[in-house]
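Undergrad: fold the following.
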Amino acid sequence: MQKLIILVIATRNKGKTAEIGRFLKDYPVEIKNLDDFGPIPQIEENGDTFDDNAYKKASFTARVLGLPALADDSGLLVEALNGAPGVYSARYAGEAATDKERCLRLLNEMEGKSDRRAAFECVVSIAVPSGPALTYEARCEGLIAETPSGSSGFGYDPIFFYPPYKKTFAELTIEEKNRISHRGKAFAEIGDEFDKVLIWIRQHMPIQEKVNRQERFYEGEHDCRFNKKE
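TA: Numbering: from 1, shown residues only. Have a look, this model is predicted:
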């Protein structure tokens, strides 16, 4: 029987942990999140891109815990706002703002603008303690609605209109949203080739038996990201 690999999701969000666990339920992994460990310093998401932030969270978590880790970063990019709010999506109306306040600020910024094109983007990083990481990216195109609609989802979902379904993300069922959303696409791609991901993790997590216990030996810390498509 194949030994389970512990994969740490770099979040304390139980809903996100459960969602990722559903994507990977058929694979030999034990999913944990940050709440399963002792105190861990908070990671400042100050990167210039989603890729920077996802890698930073995943690699920091992997180094601190000595285990492979997965993190994602995502946000909304609006054409008429030159790509804003982008990496600042969660802080667009202030650090303590509610989802409703973020949506209202964005709608105010869009007042009078005819170009309503927008896209959600997601980057997922899977890192090992020695530094290397696999990167997955996905995108969902849509429009900014004139007014909020729907009560499901979170964030900017009530104002992100998806033309093929003629609904906002907040009007979709969980199943519908997971099929077409940026995050759903990224994790579906990971799930489709997760057997290869497991091989990659094992290759970068050498284990040596010593004095009846396992000790992991890692290379020095360095930024050595590479895209899994390369």
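Undergrad: middle-most residue in the protein, spatially?
TA: residue 72 (2.0 Å; C-alpha atoms, centre = their mean).
Undergrad: what's across from that residue in the sheet?
TA: Listed by DSSP bridges, the beta-bridge partners for residue 72 are residue 124.
Undergrad: so it makes contact with residue 54?
TA: Yes - counting by C-beta atoms under 8 Å, residue 54 is a contact partner of residue 72 at 5.6 Å. In short, each C-beta sits where N, CA and C put it, glycine included.
Undergrad: any common contacting residues for these two?
TA: 123-125 (C-beta atoms under 8 Å, 6 or more residues apart in numbering).
Undergrad: any idea of the mean pLDDT for the longest helix anywhere in the chain?
TA: Scanning the chain for the helix with the most residues, using DSSP state H, yields helix 50-65. Summarised as a single mean, pLDDT over helix 50-65 is 95.
Undergrad: residue 168 pairs with what?
TA: residue 161.
Undergrad: picking that back up, with residue 145 as the reference, measure out to the residue nearest to the centre of the chain.
TA: 25 Å (C-beta to C-beta, to the nearest Å).
Undergrad: repeat that for residue 61.
TA: Residue 61 sits 36 Å away from residue 145, going by C-beta to C-beta.
Undergrad: residues near residue 187, how many?
TA: Neighbourhood size, residue 187 [other C-beta atoms under 10 Å]: 24.
Undergrad: just list the residues touching it, thanks.
TA: 19-20, 23, 124 are the contacts of residue 187 under C-beta under 8 Å, 6+ apart.
Undergrad: repeat that for 6 Å
TA: Counting by C-beta atoms under 6 Å, 6 or more residues apart in numbering, residue 187 makes contact with residue 23.
Undergrad: swap in residue 83?
TA: Counted by C-beta under 6 Å, 6+ apart, residue 83 has contacts residue 77.
Undergrad: Three-state assignment for it, please.
TA: coil (DSSP: H, G, I helix; E, B strand; the rest coil).
Undergrad: all helices of this structure, in order?
TA: 14-23, 50-65, 99-109, 174-180, 182-192, 194-203.
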